[in-house]
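1. sequence first, predicted coordinates after that:
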Amino acid sequence: MINNNCVFEAKDTVEALAKARGKGLVQSTHLVARSLARATLLREEGRSDFTRLWPENAMAAAERQDRLANGQTPSASPLAGLPVAVKDNCDVQRDVTQAGSQAFETALPASRDADCVAKLRAAGAVIVGKTNMSEFAIANTGENRTFGTPRNPLDTSRLVGGSSSGAAASVASGSVIAALGTDTGGSIRGPAALCGLAGFKPSERRVSSRGVTPLSHTFDTIGPIARTITCCAIMDAALSDQLWRPLPDFPLRGILFGVPTTMVLDDLDSQVAETFSTTLQLLSSAGATIIEFPWSEIGGGRWRETYLIISKSEAYTDLGRVVEERRQVIEPHVVGEILSGSTVSMRKLAEALRFRESYVLEAHDLISRFHAILMPTVPILAPPTSVLRDPEQTKKAEYLIGRNNEIANFFDCCAATVPCHSADQLPIGLQIIAKNGEDRRVLAISRSVEATLNVTPGI
């Protein structure tokens, strides 16, 4: 049986715990001990959310935060003293970054923290461990045969989604307050949505990627998975090296939402379709205007073909050598994905990048007609783990988990996901998209949507 005293629940948000610490009602050492106890218990039960835990370092960091809170200048960030986790493609000083693969098991430990990790530490966050992920961040299902495939905490017969699988599972299972993920084609938003959590993919280059194992330097972004949008916004402020300022109010009355009728509503699970329709009705009742429109640029296959050309070419550039040298310890389908980029010529890549640039400008013109674009984050419910036994089912799940999310990566947008399901349903996410640079705005809008839908996050 799970000891509920070591579980972080829906009410344990970053904001709530920061206020409790500020009033002296709870200490960082207590919070971090709860986190480590929960994560350890789940590991003993066979869960694979974490690849590593650092109890001694985490407790020492918590003790430092408690000393700072008692008479010394406290951190300005609400994250100070709170337990968080980082994805295993982020460098942590003196630790080997494995990126979910045995291929890096003999690599030298990192000489310094990744910039994103360093910024979390600077904000006072206590890093308790590294979370599991798809090998090299490839699989949208979250499958990892080396370290184990994380199971969905809301229904352990189902998948979490990937590639930030352990990040989402660690938050949803109550082990940490928030987790750091990466998103190249939905790797934050997909798992967050399938676990009933909030997730945020920032604009390109908003967060430094130095020290993070690359998959595609054009599309890679780094952001949070947490219980609420405000939690995500607090994490984003630290990651983007900004002082935390509460999100501005953005009332839904008078807001204009665009809903594409092209592709993103295809092949919806019946529950997703019904929930999405109900969600739009709730937002409309709150005063928002919903306008459906055809988005011709995503109707054809060229944008996604271009996305794959760029991402596969860049993955091969950065990972091709290690895959060729260590292919015997790498999953065959991952080898195939990485090496497929070797056939992309420099001329073809340059053409793809130019085409993407023109498409992005057109897309931003369209997106600017609305306050934000809405769509289901993932068109299906969390797939059962059994799909991994059938290559065709796995391929279909991979595509559908990533399909709607890849749009924001390709068209250079920032995007959040918030849960929109009812209490008796499996998690379903609503994706809220705006163009590059409108991160605070899309977070503020997402918070208003979240408050209107009022779904209890996680477990």
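-> Yep, it's here.
2. leaving out chain neighbours, which residue sits closest to Ala61?
-> Val126 (4.6 Å; C-beta to C-beta, 6 or more residues apart in numbering). Backbone N, C-alpha and C define where each C-beta goes, glycine included.
3. for the one you found, give me its contacts.
-> 28, 31-32, 58, 61-62, 65, 81-84 (C-beta atoms under 8 Å, 6 or more residues apart in numbering).
4. would you turn those into JSON lines with pLDDT, neighbour count and distance to Lys395?
-> Output for these, formatted as JSON lines (pLDDT from 0 to 100; neighbours: other C-beta atoms under 10 Å; distance: C-beta to C-beta, whole Å):
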{"residue": "Ser28", "pLDDT": "97", "neighbour count": "26", "distance to Lys395": "45"}
{"residue": "Leu31", "pLDDT": "98", "neighbour count": "24", "distance to Lys395": "41"}
{"residue": "Val32", "pLDDT": "98", "neighbour count": "26", "distance to Lys395": "41"}
{"residue": "Ala58", "pLDDT": "98", "neighbour count": "21", "distance to Lys395": "39"}
{"residue": "Ala61", "pLDDT": "98", "neighbour count": "22", "distance to Lys395": "42"}
{"residue": "Ala62", "pLDDT": "98", "neighbour count": "24", "distance to Lys395": "44"}
{"residue": "Gln65", "pLDDT": "96", "neighbour count": "24", "distance to Lys395": "46"}
{"residue": "Gly81", "pLDDT": "97", "neighbour count": "29", "distance to Lys395": "44"}
{"residue": "Leu82", "pLDDT": "98", "neighbour count": "30", "distance to Lys395": "39"}
{"residue": "Pro83", "pLDDT": "98", "neighbour count": "30", "distance to Lys395": "37"}
{"residue": "Val84", "pLDDT": "98", "neighbour count": "28", "distance to Lys395": "33"}
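5. now intersect the residues you listed with the strands, please.
-> 83-84 (DSSP state E).
6. any chance of the contacts of Val126 in TSV with distance to Ile433 as columns?
-> Below are those laid out as TSV (distance: C-beta to C-beta, whole Å):
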residue	distance to Ile433
Ser28	36
Leu31	33
Val32	35
Ala58	35
Ala61	36
Ala62	37
Gln65	36
Gly81	33
Leu82	28
Pro83	30
Val84	26
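7. which of the contacts of Val126 fall in helices?
-> If you go by DSSP state H, the contacts of Val126 have 28, 31-32, 58, 61-62, 65 in helices.
8. can you tell me the SS state at the residue nearest to Trp54 when sequence neighbours are not counted?
-> Nearest residue to Trp54, sequence neighbours excluded (C-beta to C-beta, 6+ apart): Gly129, at 5.7 Å. Local secondary structure at Gly129 is given as strand here, using DSSP: H, G, I helix; E, B strand; the rest coil.
9. what's the burial count for Gly129?
-> Using other C-beta atoms under 10 Å, Gly129 has 30 neighbouring residues.
10. quick one: it from Arg34, how far?
-> From Gly129 across to Arg34, the span is 14 Å (C-beta to C-beta, to the nearest Å).
11. overlap of the contact sets of these two?
-> Counting by C-beta under 8 Å, 6+ apart, nothing touches both Gly129 and Arg34.
12. ranges for the strands of this structure?
-> 50-53, 83-87, 126-131, 151-152, 155-159, 178-183, 198-201, 221-226, 256-260, 289-293, 372-376, 413-419, 429-435.
13. name the surrounding residues that touch the first one.
-> The list of residues contacting strand 50-53 from outside it, by C-beta under 8 Å, 6+ apart, reads 36, 39-40, 43, 85, 88, 95, 98, 100, 128-132, 147, 166, 170, 175.
14. change it to 10 Å
-> Contacts to strand 50-53, defined as C-beta atoms under 10 Å, 6 or more residues apart in numbering, come from residues 35-36, 39-40, 42-43, 85, 87-88, 92, 95-96, 98, 100, 128-133, 144, 146-148, 150, 166, 169-170, 175-176.
15. contacting residues around Val92?
-> Contacts for Val92 were tallied using C-beta under 10 Å, 6+ apart; they are 52, 54, 57, 86, 109-110, 112-114, 117-118, 121, 127, 129-130, 211.
16. need the pLDDT of it.
-> Looking at Val92, its pLDDT is 98.
17. please report phi then psi for it.
-> phi -120, psi 130 (degrees, to the nearest 10).
18. residues in contact with Arg21?
-> By C-beta under 10 Å, 6+ apart, the neighbours of Arg21 are 27-28, 30-31, 65-66, 69, 74, 78, 80-82, 124.
19. do the same with Ala69
-> Going by C-beta under 10 Å, 6+ apart, Ala69 touches 21-22, 24, 27-28, 75, 80-81, 124.
20. which residues of the stretch 51-200 of the chain score low on pLDDT?
-> Scanning the stretch 51-200 of the chain for pLDDT under 70 picks out 71-75.
21. for Arg38, what are its contacts?
-> Contacts for Arg38 (C-beta under 10 Å, 6+ apart) come out as 2-8, 49, 83, 128, 170, 173-176.
22. now do 6 Å
-> 6-7, 174-175 (C-beta atoms under 6 Å, 6 or more residues apart in numbering).
23. top of those by neighbour count?
-> Within the contacts of Arg38, Ser175 tops the neighbour count with 33 neighbours, counted by other C-beta under 10 Å.
24. if I look at Val160, how far off is Arg210?
-> Relative to Arg210, and taking C-beta to C-beta, Val160 is found at 27 Å.
25. who has more neighbours, the two?
-> Val160 (32 against 11).
26. that one reaches Ala169, doesn't it?
-> Yes: with contacts counted by C-beta atoms under 6 Å, Val160 reaches Ala169, the gap being 5.0 Å.
27. returning to what we had before: nearest to Arg205, of the contacts of Arg38?
-> Of all the contacts of Arg38, Arg205 sits closest to Ser175, with 30.4 Å by C-beta to C-beta.
28. tell me which stretches of this protein form helices.
-> Using DSSP H, helices in the chain cover 14-22, 28-44, 55-69, 115-122, 165-172, 189-194, 229-239, 270-285, 302-325, 332-339, 346-367, 391-410, 439-453.
29. Ala139: which of those helices is closest?
-> That would be helix 391-410 among those, by C-beta to C-beta, at 6.6 Å.
30. on contacts alone, who are the packing partners of that closest one?
-> helix 189-194, helix 302-325 (3 or more C-beta pairs under 6 Å, 6 or more residues apart in numbering; DSSP states H and E).
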